[in-house]
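Colleague: with the input below, show me the fold.
(4 chains, ligands or ions: 6)
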Amino acid sequence: MSDQPDMSVDIAGIRMKNPVMVASGTFGYGPEYADLVDITCLGAIVVKGICLDPWEGNDVPRMVEVRGGLINAIGLQGPGVDSFVETYMPFLRQFDTPVIVNIWGRDKDEYEEVAARFNDVEGIAGLELNISCPNVKEGGIAFGTDITMASDLISRVRKRTSLPLIPKLAPNVPQVGLFAKAAEDAGADAVSLINTLPAMVIDIETRRPILANRVGGLSGPAIHPVAVKQVWEAAQAVSIPVIGMGGIETADDALEFIIAGAAAVAVGTATFTDPATAVRVIDGIGAYLQRHDLAGVGELVGSIRE
Amino acid sequence: MSDQPDMSVDIAGIRMKNPVMVASGTFGYGPEYADLVDITCLGAIVVKGICLDPWEGNDVPRMVEVRGGLINAIGLQGPGVDSFVETYMPFLRQFDTPVIVNIWGRDKDEYEEVAARFNDVEGIAGLELNISCPNVKEGGIAFGTDITMASDLISRVRKRTSLPLIPKLAPNVPQVGLFAKAAEDAGADAVSLINTLPAMVIDIETRRPILANRVGGLSGPAIHPVAVKQVWEAAQAVSIPVIGMGGIETADDALEFIIAGAAAVAVGTATFTDPATAVRVIDGIGAYLQRHDLAGVGELVGSIRE
Amino acid sequence: MQIEKAIVRIHERVAGDYRELVLDAPATAGAARPGQFVHLRVPRLDGSVLRRPFSIYRARDARLSILYKSVGRGTRAMESIAVGDTVDMIGPLGNGFPLEGIGENPALVAGGYGVAPLSFLAGEVDVRGTVFIGGATARDILCVGDFESLGWTVRITTEDGSLGAKGLVTAALDVWMAEQQGASPVHYACGPDGMLRAVGERAVAAGHTAWLSLDKHMGCGVGACLACVQKIRGEDGSVSWKRVCKDGPVFDASVIEWDA
Amino acid sequence: MQIEKAIVRIHERVAGDYRELVLDAPATAGAARPGQFVHLRVPRLDGSVLRRPFSIYRARDARLSILYKSVGRGTRAMESIAVGDTVDMIGPLGNGFPLEGIGENPALVAGGYGVAPLSFLAGEVDVRGTVFIGGATARDILCVGDFESLGWTVRITTEDGSLGAKGLVTAALDVWMAEQQGASPVHYACGPDGMLRAVGERAVAAGHTAWLSLDKHMGCGVGACLACVQKIRGEDGSVSWKRVCKDGPVFDASVIEWDA
Ligand SMILES: Cc1cc2nc3c(=O)[nH]c(=O)nc-3n(C[C@H](O)[C@H](O)[C@H](O)COP(=O)(O)OP(=O)(O)OC[C@H]3O[C@@H](n4cnc5c(N)ncnc54)[C@H](O)[C@@H]3O)c2cc1C
Ligand SMILES: Cc1cc2nc3c(=O)[nH]c(=O)nc-3n(C[C@H](O)[C@H](O)[C@H](O)COP(=O)(O)OP(=O)(O)OC[C@H]3O[C@@H](n4cnc5c(N)ncnc54)[C@H](O)[C@@H]3O)c2cc1C
Ligand SMILES: Cc1cc2nc3c(=O)[nH]c(=O)nc-3n(C[C@H](O)[C@H](O)[C@H](O)COP(=O)(O)O)c2cc1C
Ligand SMILES: Cc1cc2nc3c(=O)[nH]c(=O)nc-3n(C[C@H](O)[C@H](O)[C@H](O)COP(=O)(O)O)c2cc1C
Ligand code: FES
Ligand code: FES
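Modeller: Numbering: from 1, shown residues only, chains lettered A, B, ... in the order given. Ligands and ions are numbered 1, 2, ... in the order given. Coordinates of the predicted model:
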């Protein structure tokens, strides 16, 4: 095939040039990596988690490297809706790259309120609903591991936003397909997974947890095969698009997700290791499609042979 | 302190010379590693999972290496109770090292039956109840991720065995403390964790899962911080001993578990990498105790400072 | 079997992507028999938990060598092993080729690095016979000189005809077998599964004995993990898993139950 | 800021556990200012996802160098970097030391590898002043010649008295500050937290300006991950997290809110 394969995807109405996004919390709000990564090349940017008001996050240390990954307990530090919109949206609107805002709240009302606030903001392509952050007591993972809570929260937020709504699922549940299905039934337009795996490191000399928050979330290559399994299960359970992430370092890692059923993928931790990762992954997926004579990435999504 | 620190531990009535066991499925039935590992040095041997009758396990490929670990889907191949006792117990009785048998069944009746069969077998120190194998449809993880099922199974088996009973918990649950507590309430003498994390690898050229069973369980250093977190939670939830495992490669890895609350630990995958691992870990724990002027390993168990 | 920390003495390219790694390993070399293997921990392969199995190519005067092809992450990392490095290996492992019943005029059949254990075998027996070496192209044909200097007859086939006869190794074997008229030569083979199966089927059909060294992905290498299993037919006809590392890697072709 | 693949030109031990790594890095070197750092990907550190931050020690004629101490997995792996290797780094990062208001007779205060950015600074300004270098022992005292050849006065302290005055660097600083009578020298400091805090508190108490370069564990190095934060007091008195990588690593001592 001599034509360039079609890399574009449509995720819940969000048109993306290619299926490769950058994951929430690993790309700041956009400008931080702009000198190193050509933002116009990305499928989409997912910004760091935002709640209603400025939020301090956790104490330091907030990050520790482990074999095959890192554990973070940032605790969703962020500027809050207004300050985010004012400070970063003018920058983000310069590009034709869709901006997905990762949102969270300390209770269901706040989740609803945050979602509602973004309805009138120009340049927001969708909302990723973080119900799976292991690093905050207030919201986050408590919602993501209780199916009734998750359903209720998603339905409520659904009523308050006209934007594509993408719940981000917790990985540490035995049957993630049930959560994916519950999200779909509650009105989600897509689901994304996985968030980080709850994890902990202890300094054996001081006998204290290394992270100030004691526990944090494991990300990076160590979690990739766990993520592939969860994405595969989620994709089988729903008919809405699934966004796969967890430990992507190479195009091959991303292709596993796509073959398992992900309509798009996100690069997280690997951007820290090599800011060029997302662009490398995009190029690699293109090369794979050409090599395999596939007209577009859509032909590959969920094409796993069992 | 000039005295040798006291390395011995008592786990649910099982006296061990030191707190370092070898994990089920990674040390065969004993003889396989006997040329390379001095069995008398080990705290205990946990043999590969046994069910009632000979069991074929899964098709091949059954194992694949990934970054920071491996994924296995052996599927609990084993000789069944009688053949195990006849073939391997004479060998195992030669040592003064406690033998813990890892047992499973395709349904609750079989679990009970297998447990009962070991009551009269000489030389068995305890039973590890595998309710968390991700690689068999029939039993295993379905029991380990449903708290009511787990409780019921443990109580039933409890009635049928006089041996120390150690349910092995699944890691892929949001609140492992609840499972540990349920196990304690159902009559368990100790709990062990973690079993492998459900995971998957796809061959992007053939678009098939690499493992014949499609999914398998991730083990090795990649899962260590996840395991530490789960062991810490379990230890806080119960007053029975907790046996910690997952990704131990060095004494430091083992010490993290002990400080987090594990009364003993098990070395799994690292034995493949280096058969001397368990012995190295034992020596390293001893050296640590000396360096920190601790009279015995007991002083360290659960000594985390938060 | 033991763990031996062996010092690298020679590490050189022998042909194409194949390299020979020569180690000071007195304990392992002293105990090694043809068809056995070592389970090698690739140095500096951080984040890797599995060793890699390699047939013993030579074992003489306290030195042991392997012949390997760079095919993946582990073997690529092996390329950077330097003379003087220490390599941690477990060995000798597995049962090796049974040599008692070798008889007259045996046939050795090798594909790719499969020549390694067969070259070792060729030097350990008193008889001489014929060696069939097959490969995709001339660069995959190794160790011809080893066999010739020992007095074995070598027949080479390459799929592209760049060396020896054009075609598969089994074609050459077929011609030879037709020449055997009533004799029952024993076959020893090592190479890719497809080749082994074809060799085994021919031998079994002709009523010959064929010993095949299987190549399965391994975990422990010592029989503990049950990763490397192959379906084998027992004497009662029942089929069960055997461990290639411990019960093999060499099996009688007539008991191997190939996948459909 | 850019990603630069830099070729290693020199890699040598300078003293004790300290090594200097000299790289061909025209883009980064050309843009570097004292107090900025590079975020370096340690070669062959498989299974590692984080880069390691190092202050820029020298940046001249398209070459950039860092001075590092082997303290953990990453820096130990760096010891095996060879001349000719390529090192991937991001830089220059951070704000660097503000040099406009340096005034007369500035004080540089360095602990351990903290001399690196201060040595760079010393060569980039027109004024000369006093450099306080402290360490546990003589082996931790680096770069004395750098400063002296530039005409700076060097005062050394070691905790064990093996070189210079015995005691902490702050003791020497106290003596010097007492000598300043009415002048308000600007301080520039880089070293461990305890030292920085002590220097900062003294300077603030004396009404001097002190610029401290903080050393925090880093993730991204560019301001995206919020791992490296430090509590900083704003003009309105409110305290908030600032990113050491992006908003620092250099902060005015008077706004740093140290942990209790
Ligand atoms: C008994 C035995 C003897 C062998 N002798 C030789 C020899 O003499 N020379 C030689 O070059 N090779 C030999 N092999 C094959 C060799 O072990 C593999 O090529 C090697 O493990 C590939 O590792 P890798 O990391 O480069 O490849 P990768 O594909 O990156 O390896 C990933 C994983 O797959 C396993 N694996 C991959 N290919 C094979 C394979 N063909 N067989 C078994 N495991 C595999 C590896 O052990 C590792 O766990 C032998 C294999 C066996 C079982
Ligand atoms: C702005 C800045 C400038 C620095 N300049 C220098 C320099 O010029 N020379 C020098 O030798 N060192 C310098 N350091 C410290 C250097 O980054 C650490 O010593 C190094 O990261 C340790 O890595 P490791 O893998 O050897 O240690 P490990 O302890 O094994 O590292 C594990 C993790 O901890 C982090 N880490 C450990 N210690 C530190 C530390 N002190 N500061 C920040 N992160 C740490 C590592 O980045 C890594 O993520 C600087 C740090 C910062 C923040
Ligand atoms: C430092 C850091 C911060 C993160 N912050 C968020 C966040 O604010 N919201 C969120 O939904 N996920 C957050 N994540 C999770 C990532 O978006 C992603 O789901 C996870 O890291 C797995 O992908 P990876 O292995 O490629 O990093 C964060 C991850 C890291 C490493
Ligand atoms: C090859 C293999 C086989 C295993 N078989 C069993 C088993 O039969 N029963 C069981 O309870 N756990 C089994 N496990 C799980 C281990 O006992 C252990 O819980 C897990 O591997 C985590 O420890 P590790 O990271 O040190 O390997 C097996 C693990 C491996 C790698
Ligand atoms: S490799 Fe473990 S049993 Fe053969
Ligand atoms: S290291 Fe990521 S924000 Fe500073």
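Colleague: give me the phi and psi angles of the residue most central in space within chain A.
Modeller: Nearest residue to the geometric centre of chain A (C-alpha atoms, centre = their mean): residue A:23, 4.5 Å. Main-chain torsions, residue A:23, degrees, to the nearest 10: phi -80, psi 150.
Colleague: show me what contacts it?
Modeller: Listed by C-beta atoms under 8 Å, 6 or more residues apart in numbering or on different chains, the contact partners of residue A:23 are A:46, A:245, A:266, A:267, A:268. C-beta coordinates here come from the backbone N, C-alpha and C atoms, glycine included.
Colleague: of those - the most surrounded one?
Modeller: residue A:266 (33 neighbours; other C-beta atoms under 10 Å in any protein chain shown).
Colleague: got a pLDDT number for it?
Modeller: pLDDT, residue A:266: 98.
Colleague: so it touches residue A:193, yeah?
Modeller: No. The pair residue A:266 / residue A:193 is not scored as a contact, 9.9 Å apart, by C-beta atoms under 8 Å.
Colleague: so what's the gap between stretch C:144-155 and the chain middle?
Modeller: 16 Å (C-alpha atoms, centre = their mean, to the nearest Å).
Colleague: now do the same for whichever residue of chain A sits closest to ligand 3: helix, strand or coil?
Modeller: Nearest to ligand 3, among the residues of chain A, is residue A:25, at 1.8 Å (C-beta to the nearest ligand atom). Recorded secondary structure, residue A:25: coil (DSSP: H, G, I helix; E, B strand; the rest coil).
Colleague: pull the contacting residues for it.
Modeller: A:48, A:49, A:72, A:74, A:102, A:268, D:225 are the contacts of residue A:25 under C-beta under 8 Å, 6+ apart.
Colleague: what of residue C:85?
Modeller: C:7, C:8, C:43.
Colleague: nearest to residue B:30 among those?
Modeller: Set against residue B:30, the nearest of the contacts of residue C:85 by C-beta to C-beta is residue C:43 (30.1 Å).
Colleague: wait, residue A:283 touches residue A:251, no?
Modeller: Yes. Here residue A:283 reaches residue A:251: they are 7.2 Å apart, a contact under C-beta under 8 Å.
Colleague: neighbour-wise, which of those two wins?
Modeller: More neighbours surround residue A:251 than the other of residue A:283 and residue A:251, with 22 against 16 (other C-beta under 10 Å).
Colleague: nearest spatial neighbour of that one, skipping sequence neighbours?
Modeller: Nearest residue to residue A:251, sequence neighbours excluded (C-beta to C-beta, 6 or more residues apart in numbering or on different chains): residue A:284, at 2.3 Å.
Colleague: again with residue C:190
Modeller: Using C-beta to C-beta, 6+ apart, the closest residue to residue C:190 is residue C:114 (3.5 Å).
Colleague: give me the number of residues near that neighbour?
Modeller: Around residue C:114 there are 29 residues (other C-beta under 10 Å).
Colleague: need the contact list for it.
Modeller: Residues near residue C:114 by C-beta under 8 Å, 6+ apart: C:55, C:189, C:190, C:191, C:192, C:195, C:213.
Colleague: pull the most distant pair out of the residues you listed.
Modeller: C:55 and C:195 (15.0 Å).
Colleague: tell me which helix or strand residue 178 sits in.
Modeller: Just so you know, I chose chain A. helix A:176-185 (DSSP states H and E).
Colleague: chain C is the one I meant
Modeller: helix C:169-179.
Colleague: contacts for that helix next, please.
Modeller: Residues outside helix C:169-179 that contact it (C-beta under 8 Å, 6+ apart) are C:107, C:109-111, C:130, C:132-134, C:155, C:157, C:164-165, C:191, C:195, C:198-199, C:202, C:206, C:208.
Colleague: hmm, back to that, find the residues that touch each one of residue A:266 and residue A:193.
Modeller: In contact with both residue A:266 and residue A:193: A:243, A:244, A:245, using C-beta under 8 Å, 6+ apart.
Colleague: near chain C, from the contacts of residue A:25?
Modeller: The subset of these lying close to chain C, counting by C-beta under 8 Å from any C-beta of the partner chain, is empty.
Colleague: what about the helices in the stretch 151-300 of chain A?
Modeller: For the stretch 151-300 of chain A, the helices defined by DSSP state H, counting those that start in this stretch occupy A:176-185, A:224-237, A:251-260, A:270-273, A:277-291.
Colleague: just checking, next helix/strand downstream of the strand or helix carrying residue C:232?
Modeller: In this structure, residue C:232 is located in strand C:229-233 according to DSSP H and E. Scanning forward in sequence from strand C:229-233 by DSSP H and E, the next helix or strand is strand C:239-243.
Colleague: quick one: strands adjacent to that next one?
Modeller: strand C:229-233 (antiparallel) (DSSP bridges).
Colleague: any idea of the mean pLDDT in the partner strand?
Modeller: pLDDT averaged over strand C:229-233 gives 96.
Colleague: likewise for stretch C:180-191?
Modeller: Mean per-residue pLDDT for stretch C:180-191: 89.
Colleague: contact partners of it?
Modeller: With contact meaning C-beta under 8 Å, 6+ apart, stretch C:180-191 is reached by C:35, C:55, C:97, C:101-112, C:114-118, C:121, C:129, C:134, C:169, C:195-196, C:199-200, C:203, C:206-213, C:215, C:253.
Colleague: for the stretch 51-200 of chain A, what lies in contact range of ligand 2?
Modeller: With the criterion set to C-beta under 6 Å from any ligand atom, the stretch 51-200 of chain A comes near ligand 2 through residue A:65.
Colleague: contacting residues for the residue of chain A found nearest chain C?
Modeller: Closest to chain C within chain A is residue A:68: 5.9 Å, counting by C-beta to the nearest C-beta. With contact set as C-beta under 8 Å, 6+ apart, residue A:68 has these partners: A:220, A:221, A:222, B:67, B:68, B:69, B:221, B:222, C:47, D:47, D:49.
Colleague: which residue, other than its chain neighbours, is closest to the first one?
Modeller: Same thing as residue A:220. Closest to residue A:220 by C-beta to C-beta, 6+ apart is residue A:69, at 2.7 Å.
Colleague: what's the neighbour count on residue C:126?
Modeller: Residue C:126, neighbours per other C-beta under 10 Å, totals 6.
Colleague: on that earlier part again, closest to residue B:300 out of the helices of the stretch 151-300 of chain A?
Modeller: helix A:224-237 (30.1 Å).
Colleague: is that closest one anywhere near chain B?
Modeller: Yes. If you take C-beta under 8 Å from any C-beta as the test, helix A:224-237 does meet chain B, through A:224, A:225, A:226, A:228, A:229, A:232.
Colleague: next one: that helix to chain centre, how far?
Modeller: Here helix A:224-237 is found 14 Å from its chain centre; the criterion is C-alpha atoms, centre = their mean.
Colleague: neighbouring contacts of it?
Modeller: With C-beta under 8 Å, 6+ apart as the criterion, helix A:224-237 contacts A:169, A:171, A:175-181, A:184, A:191, A:193-194, A:197, A:242, A:244-249, A:253, A:256-257, A:260-262, A:302, A:304, B:66-67, B:71, B:197-202, B:215, B:218.
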